[in-house]
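Colleague: here is a sequence with its predicted model. Questions after.
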Amino acid sequence: MPCRPHLFLFAAAAATVSVVLSLSACGGGAEGDQGGEKIAGADTGDRKRRSPSPAASDDGIDRPEIKLPKGVENVFEGGETGDAKKDAVLADHERMINSIDEAITVDAKKHPALEFYSAGDALVSAATYVQSFYDAGVTWVGLTRYYDQQVTFLKGGAAAVTYCGDETKAYSANRKSGAVKKTPGDSDDYISYNVRMEKNTSGVWQATSVTSEEGAQKCQP
């Protein structure tokens, strides 16, 4: 199955063990893979392509730019509901996902967007998760599709974003060589997510916790 960096693995601080186990399985196929396929742009040197994150808004917030390398793409369906508040939550939620994938796929000393769009346990776990990819010498390429996005406002002002992820067209890649092991996707690559978003004092909606279900029936095609 494709070994794209599943977001569900950083749902809690205890996810470190799960991440290591996952990388052990994924990294083995890409590291030194003689039969791997190399995709153009799989190396992280190409940074000209802009992330499909929502464009900089006119809300006066100084947001860090997010760029994903060529060959790495996240597609978000249903990002606009017509409700300005819900759309603001979804926009920052999309930026949160892209900030994590930028940190994984783009070699840089700093990734300011990561802590801009995640906080608390979600930030600690995301940072540990990202580092584990570097430690294993792997990254990812391909396309991940996010759909059925829904926003529910909770007591106290927080919001819950539920959605599905289709990772059947995303694959593990060797960080140095760019060698990619393309394998068929299966039902486990359809994942259901529930992310708690909280608005900080700067007006940014940040992820503070994530739960998920791999192979969720409601996300199956």
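Modeller: Sure thing, it's come through.

Colleague: what about stretch 90-99, distance to the chain center?
Modeller: 8 Å (C-alpha atoms, centre = their mean, to the nearest Å).

Colleague: with stretch 59-71 instead?
Modeller: The answer for stretch 59-71 is 14 Å, by C-alpha atoms, centre = their mean.

Colleague: and that stretch, which residues are buried?
Modeller: 63, 66-71 (16 or more other C-beta atoms under 10 Å). Every residue, glycine included, has its C-beta placed from N, CA and C.

Colleague: how long is it end to end?
Modeller: Start and end residues of stretch 59-71 are separated by 31 Å (C-alpha to C-alpha, to the nearest Å).

Colleague: kindly report the same for stretch 178-196.
Modeller: 34 Å.

Colleague: cool, stretch 193-206 as well?
Modeller: Using C-alpha to C-alpha, the end-to-end distance of stretch 193-206 comes out at 15 Å.

Colleague: most centrally placed residue in the protein?
Modeller: Centrality entry for the chain: nearest residue to the mean C-alpha point is Ile97, 3.9 Å, by C-alpha atoms, centre = their mean.

Colleague: pretty sure it sits in a strand.
Modeller: No: applying DSSP: H, G, I helix; E, B strand; the rest coil, one finds Ile97 to be helix, outside a strand.

Colleague: look up how far Asp186 lies from it.
Modeller: Ile97 sits at a distance of 22 Å from Asp186 (criterion: C-beta to C-beta, to the nearest Å).
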